[in-house]
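With the input below, show me the fold.
(chains A and B)
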Amino acid sequence: MDLLRLAWTFLWLSFLCIGGGLGIVPEIERQAVSAHQWVTSREFVDAYTVAQLTPGPNMKIAAFIGYVAQGPMGAFAATLVMFVPAAALTALVSQHWAGLRGRPWAITAERTLSAIGMGLMAGGVYTLARSAIHDVRTAAIAVVAAVVLATLRVPPVVVVLAAGLAGWVLG
Amino acid sequence: MTRPGLWRLTAVFTWIGLASLGGGRSAYFHDALVARRRWLRDEEFLQDLALSQVMPGPNFSNLAVSLGYRLRGYPGAACALVALVLPGTVIFLALALFLRHGVTADAGRALLGMGAAVVGLVFVMTGRILRVGLRGRTALVLAAGTFLAVGPLRLPTYAAIATMAALGFWLNRPRASEALTPRDAP
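Model prediction:
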């Protein structure tokens, strides 16, 4: 029963994902931390951080939440429903997309969904900031990281690892 | 335009999945499939990119699926998905669980620092996307409304999407005046 609830939650979460995984971070946090208490707020932020540092789509975070909630089966189920149904739908639409794309209503959908997707991503940034920034030190690290990434051509992974070192030394 | 076999496709997509760290991930696909190997033309890639952005689900894997479908049909789509998602997920899960169980106070402090830096990272990445992508007042209103709802107000995402999509489809509805450009007008 619990496994079904987990799978169902990640299934509908995957279909809310418009314009990038970051956009459903607020809702994943609501469900996994607040509503079902599958993981703690700290575990959620740590997992998202590790997801940024490892290759592949960020929504692999579903595997971690599934594992903590329900063991290996939970990890498998959450990952499966996060990626496969949406992918199957995309493959189905793929064959008709060339013909659909220029239609007026497809343009309407594209414009509307891309704007909503960007708003969702901004909401994701807000949610992560609320969970990861607790004090002056973490705020300072976030600001320095943002300034460095915006102005210098440094690989993001290097900046994140350097911040890990800073957190370790300063903490 | 050469099209790869299934093994070749799986190998290349696995490599893209493992190489893609940080932001701007769709660029890896363009580089590997269009620029370097000439398996696809630019306009084919852009068409699949647009589709992956309109379809629900994680973007990056949806892009892989539509590119895989274009190259090799449904088997190509399936191989593309597994190749992109599986290796990274296994690495991620192993590391995340290791850190969860074996976390010491030192590692905990390092993770706090890295988490804060990730906030800076997603802030900069999202800022770049918004600066390029948000064109016009309608887009601004839709994005701002969605942000306020799911961010500070903590409303459910489905409610925010439903409301903003209804508003957006109305504001962006096809108009006769737009369809009839001066060139087409009698």
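
Backbone dihedrals for A:Ile133, please?
phi -110, psi 110 (degrees, to the nearest 10).

for it, what are its contacts?
With contacts taken as CB atoms under 8 Å, 6 or more residues apart in numbering or on different chains, A:Ile133 has the following neighbours: A:139, A:142, B:116, B:119. C-beta: built from backbone N, CA, C; applies to glycine.

and stretch B:78-91, how far out from the chain's middle?
Put simply, stretch B:78-91 sits 15 Å off its chain's centre (CA atoms, centre = their mean, to the nearest Å).

My error: substitute stretch A:72-80 in the last question.
With CA atoms, centre = their mean, you get 17 Å for stretch A:72-80.

same deal with stretch A:136-153?
With CA atoms, centre = their mean, you get 21 Å for stretch A:136-153.

Residue 3 - how many residues pack around it?
Answering for chain A, as no chain was given. 16 (other CB atoms under 10 Å in any protein chain shown).

Can you look at chain B instead?
For B:Arg3, using other CB under 10 Å, the count is 12.

Leaving out chain neighbours, which residue sits closest to it?
In space, and not counting its chain neighbours, B:Arg3 is closest to B:Leu71: 5.6 Å by CB to CB, 6 or more residues apart in numbering or on different chains.

What about residue 5, how many residues nearby?
As the question left the chain open, I've gone with chain A. Per other CB under 10 Å, the neighbour tally for A:Arg5 reads 13.

that answer is for a different chain, and I need it for chain B
11.

Need the phi and psi values for it.
Per degrees, to the nearest 10, the backbone of B:Gly5 is at phi -80, psi 170.

Am I right that A:Ala106 is in contact with A:His96?
No: assessed by CB atoms under 8 Å, A:Ala106 is found out of contact with A:His96, at 10.5 Å.

Just want to know which of these two has more residues nearby.
Higher neighbour count among A:Ala106 and A:His96: A:Ala106, with 16 against 10, using other CB under 10 Å.

distance of B:Gly76 from B:Phe60?
Distance check for B:Gly76 against B:Phe60: by CB to CB, to the nearest Å, it reads 17 Å.

hey, where'd the helices end up in chain B?
For chain B, the helices defined by DSSP state H occupy B:6-19, B:26-29, B:42-54, B:59-101, B:105-133, B:137-150, B:157-171, B:176-179.
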